[in-house]
Structure formats: C-alpha cells, structure tokens
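>>> what follows is a predicted structure for the sequence shown.
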Amino acid sequence: MKHNLLQWLTCGFILLTAGGYSTKHTGPETQITSHAVLQDDPLSSWNDGDVKKAIIGFVTNATKEGSTGFIPVNDRIAVFDNDGTLWSEQPLYFQLFYSFDKIHQMAPQHPGWKTEEPFKSVLEGNIKGALASGEKGLLAIMSVTYGGMSGDEFDRSVREWADTATNPVTKKRYTEMIYQPMLELLQYLRGNGFQTFIVSGGDISFMRAFAEKVYGIPPQQVIGSSFKVKYDSSGIRRLPDFEFMNDGPGKPVGIYQHIGKKPVFAAGNSDGDYQMLQWTSTNTEPHMEVIVHHTDSVREWAYDSTSSIGKLKKGLDDAPKYGWVLVDMKQDWKQVFPFGNR
C-alpha cells in the first residue's frame, strides 16, 4: 500500500467504471474451508515448478533437525501482507469500499448528506468526485464510518459487511476474493510449527474482524495501520484520528513492536512490502522472502510497475539481488480463488 493516508486509501479509483460504483449484498457467507490436503499435496493449487519446490524445500529443511536449514520452533515467524498478497486489492482497497457502503447505510439518518460533499458524491456513486475532496474529505468519511463507535460495534459492523458485500467488478463477496494458493501456504506453514501473522497497511481493527474466520489467523496476530482509541466507562471507543501507518518502513517497526522477533518468512506483493522483505533478509536464521506478482489478467488482474495501486517496481528489480522468490500468478497457480476465477 502507499505511504500517505490519501494515497493509502484512494489509489486505483480510476480503474472503476465510468458509470460509478455500486455494490450489492447477498446472504450470509459460508465458512471457507477449501484448504490443502496436507497428507497428499500441501500446495495442491500450486503448479509444480521451481517456486513450489523452493517453498517445500525451505519448510522441509526448517523442520528437519540437523539440517543446515533447521529453524527452532520458537523462531518460525512468518509474516504476510494482506492486500494483493492474501486477497485482491482491485479496483480499490476493500476497506474503502466498506466506508462507502457505510455511508449509504447511514444516509437515511443524515439527510444533509444529499447536498454535502464528499457524502453527496459517494451517495451518487461518483467516486472521482468524492476523492476530489482530498484528505479532508476522506477524514470526514472516516470520522463517521471508522470513528465514534465502540470497538465491539466496529468489529460487528465489519463482520456483517464482510458476510454480504460484493466487489463492484467481480460481483463476488470480498471474502471470496482470497487466494486459494495462499490459504494453502498459510496452513502448510502452521502445520509445520510456524506462527503466521498478517502485517499490512490496512486498518488493524478492520482486518482483525475477519482474519481468523477467513485465514485462520487470530486477532492478536494481525498488525496494521491504526486509528487512535480511548477507554471510558462504556469500554473501548474508536476515534477518527489517524495514529500509525504500517506500510513501507513502518512494517518492520510494526513487527518489532508487536512480535519482537525478526521473521524467517515474509510474503508481499508491492513496494510497500519492500522494507519488510529486506529486513527479513537480514535474519541470521535461514529465511525466505516471496513476492506475489500479479500477471494474470484473465483470472485476476495483471499489474506491477506502472499501477496506481499495488505498485511493484523496486521489489521486482531487486528480487534477484536479495534472492527473493517471485510467484508468477499466471504460471505458478493452478487456481486463484476458492470459488472460481474472476
């Protein structure tokens, strides 16, 4: 993800259709259970090749005592970016769609929004107009969709949204746009004694609301950007003030503060993950770094160095220097999503 608040939330809006944005809601989501079968092929949605072989070789050596690649269980820390690494990030970061949907939901209680920007543009489906209000307008949107609620209320709101909301391009629920090969990788690592963490530029509370259900990663193993909170007699209360950006150089900082150990495995997809991969590369333990390269315009999206969202240039250029493994989505994945392709 990008490095300032405005870019963090808005990059990629030009990919939306000119007719505006709309979502629809479906019935409650079914628990995703399409994980790999560990007994036969732990990475069954990955094509056989150098990448799959490298991952299995790393894990095999990490768990084999006496191997030069052995890693003690307590040091088996694996970190994953979320947007573009565990689920899609197109045509706009999903958490911004959450804010837009909340504005529509809350509009009947705020009749003045029909003439007040940026709410007027959001309600009209004019995303370009809404984003034209800049950071001030986005903070106004976030103040009513992210702030003011208790922690429990926000958690419940995100859960309900994740169960029903659909992406305006694919018409799939957002939680159906997770990557089946990465689900298998998460389970494979955990089955071999690794602790798996999300380390993402997304809002920490937003991701914690669904991460355990969708990825099997509990809330305490999610690290993200954050807004300020306070405690009063009613409990935890969220504030609209931004506190910490967990992106770029912020990712190693977040890992250090939350985990207290350098990872031995890191996966990302953009230059926002560069410092996290770079820091992992300095581990004295055996280590592995992976970049998911979006190369499949048919089953998902194809983008990298010129993209306005999930830009991957520096990481792509420097991967050979650091020995980072490039996952070619088109070539290395048999299947992209658990419930069919884009």
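Looks like it arrived, so ask away.
>>> check the offset of the helix or strand containing Glu289 from the chain's centre.
Take DSSP states H and E as the rule and Glu289 turns out to sit in strand 288-293. On the basis of Cα atoms, centre = their mean, to the nearest Å, strand 288-293 is displaced by 14 Å from the centre of the chain it belongs to.
>>> by contact count, what packs against that strand?
Packing partners of strand 288-293 (3 or more Cβ pairs under 8 Å, 6 or more residues apart in numbering; DSSP states H and E): helix 50-62, strand 265-268, helix 274-280, helix 314-322, strand 325-328. For glycine as for every other residue, the C-beta is placed from the backbone atoms N, C-alpha and C.
>>> pick the most buried one from the ones you listed.
strand 265-268 (a mean of 29; mean count of other Cβ atoms under 10 Å).
>>> show me the residue sitting in the middle of the chain in space.
Nearest to the mean C-alpha position of the chain, by Cα atoms, centre = their mean, lies Asn82 at 2.1 Å.
>>> name the nearest residue to Glu89, ignoring sequence neighbours.
The shortest distance from Glu89 to any non-neighbouring residue, by Cβ to Cβ, 6 or more residues apart in numbering, is to Asp83 (4.0 Å).
>>> specify the beta-bridge partners of that neighbour.
Per DSSP bridges, the residues bridged to Asp83 are Trp87.
>>> list the contacts of stretch 240-257.
For stretch 240-257, the external contacting residues (Cβ atoms under 8 Å, 6 or more residues apart in numbering) are 1-5, 8, 79, 139, 142-143, 146-148, 197, 199-201, 204, 223-228, 261-263, 271-276, 279.
>>> hmm, try it at 7 Å
Under the criterion Cβ atoms under 7 Å, 6 or more residues apart in numbering, residues 1, 3, 5, 8, 79, 139, 142-143, 146-147, 199-201, 223-228, 263, 272-273, 275-276, 279 lie in contact with stretch 240-257.
>>> now do the end-to-end distance for that stretch.
23 Å (Cα to Cα, to the nearest Å).
>>> just use 45 as the starting number from now, easier for me
Fine by me, first position is 45 from now on; the one you just mentioned is stretch 284-301.
>>> buried set for that stretch?
284, 286, 288-292, 294-299 (16 or more other Cβ atoms under 10 Å).
>>> and those, which is closest to Asn105?
Using Cβ to Cβ, Ile299 comes nearest to Asn105 of the buried residues of stretch 284-301, at 23.1 Å.
>>> what's the separation between the closest one and Val243?
6 Å (Cβ to Cβ, to the nearest Å).
>>> follow-up on the earlier one: buried only: go through the contacts of stretch 284-301 for me.
45, 52, 123, 183, 186, 190-191, 243-245, 267-271, 307, 316-317, 319-320, 323.
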